[in-house]
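# For reference, the sequence and a predicted model appear below.
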Amino acid sequence: MLFAYAVTALASVAGVWARAVPSPVEVMKRTHIAGSVITKCSKTGVLALAYDDGPYQYTSSLVDTLNNAGVKGTFFFTGTLPGPADTEGCDSGCIYNQRAAVKKAYDSGHQVASHTWTHPHMGSMSAGAIQSEMEKVEQAFVNIFGRKPAYVRPPYLETGGQFLNVMRQMNYTVINDDIDTGDWNNQSPASSEAMFTRAGAGGQGHIPLMHETYQSTVTTLTNWLINWAKTNNLKIVTIQLCVVCELVLTLVARLAECLDDAGGMYKQGTFTGNGASSC
Ligand SMILES: [Zn+2]
């Protein structure tokens, strides 16, 4: 408890000058993690709920579930993954068709991150093609909520070929997972839940692989995980907070950022939309 008070006091003092000199903090943070692959949180006592393959028909209700529980999650959105009504090439899977849900996730303070434009196997793509996949998502996010993401989870968790080089150049933090819930492979919520029970709540926080395209994941598994976290005194946080905080604990200036920083989820700068509303 004493430590907690000390941390709070230090943070409020540090907050003043942390904000006065943001550049070194940003530079140090990026040199540590940009382009490397992260599979777990860097601190204990946390759990990062991370959902791939949206936006989808359940995005809005998933945001409600997280909001009602008072927790923050991370959404790895694609630009054009086919939606449930997608037939014969119509673009129901286009991110702009879920514009309101994407904005709602962002406005609610959840982390909105990239899962590429078309969900390709990027390990075998050229650097230019990989960059294009990322830039198209960035432009769509700018059009919808005015920010560019700083985090990506690659489709199929593929990080080979040119991928990591391009991510380093584009200043992306690359996320994988430490628990594959297997929802994509017909694992039941019960068997996914057993994985968490087996892995336990101790140690560095988990970053599960989950998909918001499965109703059982967004309802049954998510509610179970919220309760599991509560039972085990884990705080459910965004990926950004779960991977950055431990790095900042040695420096007071960065401690403030750890406790009160949503900015690191997104790239620095002000960006202009291009008016696009279709994929
Ligand atoms: Zn995916």
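Yep, it's here.

# Now do the contacts for whichever residue of the stretch 151-279 of the chain sits closest to the ion.
The nearest approach of the stretch 151-279 of the chain to the ion comes at Pro155, 4.6 Å away (CB to the ion). Using the backbone N, CA and C atoms, a C-beta is placed for each residue, glycine as well. The contact partners of Pro155, by CB atoms under 8 Å, 6 or more residues apart in numbering, come to Asp52, Thr78, His115, Thr116, His119, Pro120, His121, Met122.

# give me that answer again for 6 Å
Applying CB atoms under 6 Å, 6 or more residues apart in numbering, we find Pro155 in contact with Thr116, His119.

# Please apply the same query to Ala101.
When contacts are counted by CB under 6 Å, 6+ apart, Ala101 touches Pro55, Thr59, Ser60.

# Next up, identify which helix or strand it is on.
Secondary structure assignment for Ala101, by DSSP states H and E: helix 99-107.

# What are the buried residues along that helix?
Arg99, Ala101, Val102, Lys104, Ala105, Tyr106 (16 or more other CB atoms under 10 Å).

# Mind putting those residues into CSV with pLDDT and distance to Asn274?
Listed next are these as CSV, based on pLDDT from 0 to 100; distance: CB to CB, whole Å:
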residue, pLDDT, distance to Asn274
Arg99, 95, 15
Ala101, 96, 21
Val102, 97, 16
Lys104, 98, 22
Ala105, 98, 21
Tyr106, 97, 18
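
# just those now: which is nearest Thr222?
Relative to Thr222, the closest of those is Ala105; by CB to CB it sits at 13.9 Å.

# For stretch 219-235, what does the pLDDT average out to?
Averaging pLDDT along stretch 219-235 gives 97.

# measure it end to end?
Start-to-end span of stretch 219-235 (CA to CA, to the nearest Å) is 19 Å.

# what does it rub up against?
Outside stretch 219-235, the residues that touch it by CB under 6 Å, 6+ apart are Val46, Leu47, Thr65, Ala69, Pro189, Ser192, Glu193, Ala201, Ile236.

# coming back round to it: got the phi/psi numbers for the residue of the stretch 151-279 of the chain closest to the ion?
phi -50, psi 140 (degrees, to the nearest 10).

# So for it, what pLDDT did the model give?
pLDDT for Pro155: 96.

# With Val13 instead?
Looking at Val13, the pLDDT reads 42.

# Repeat that for Leu241.
Leu241 carries a pLDDT value of 88.

# again, but for Ala85
Looking at Ala85, its pLDDT stands at 50.

# do Ala34 as well
Model confidence at Ala34, given as pLDDT, is 68.

# now the one 10 residues further on
Reading off the per-residue confidence, Thr44 sits at a pLDDT of 90.

# and the stretch 151-279 of the chain, which of its residues are near the ion?
Contact residues, the stretch 151-279 of the chain versus the ion (CB under 5 Å from the ion): Pro155.

# In the stretch 151-279 of the chain, where is pLDDT below threshold?
Scanning the stretch 151-279 of the chain for pLDDT under 70 picks out 245-263.

# related to what we said a few turns ago, pipe the buried residues of helix 99-107 into a markdown table and attach distance to the ion per row.
A markdown table is the format used below for these (distance: CB to the ion, whole Å):
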| residue | distance to the ion |
| --- | --- |
| Arg99 | 20 |
| Ala101 | 17 |
| Val102 | 16 |
| Lys104 | 21 |
| Ala105 | 16 |
| Tyr106 | 19 |
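
# Closest one of those to Leu209?
If you rank these by distance to Leu209 using CB to CB, Ala105 comes first, at 18.4 Å.

# what residues are up against the closest one?
Val63, Phe75, Val112.

# Let's see if you can find the most crowded of these.
Counting neighbours by other CB atoms under 10 Å, Phe75 leads the contacts of Ala105 with 30 neighbours.

# hang on, the earlier thing: identify the farthest-apart pair in the contacts of stretch 219-235.
Distance extremes for the contacts of stretch 219-235: the farthest pair is Val46 and Pro189 at 21.7 Å, using CB to CB.

# From Gln204, how far off is the closest residue to Tyr58 other than its chain neighbours?
Spatial nearest neighbour of Tyr58, chain neighbours left out: Val218 (4.5 Å); criterion: CB to CB, 6 or more residues apart in numbering. For Val218, the distance to Gln204 equals 25 Å [CB to CB, to the nearest Å].
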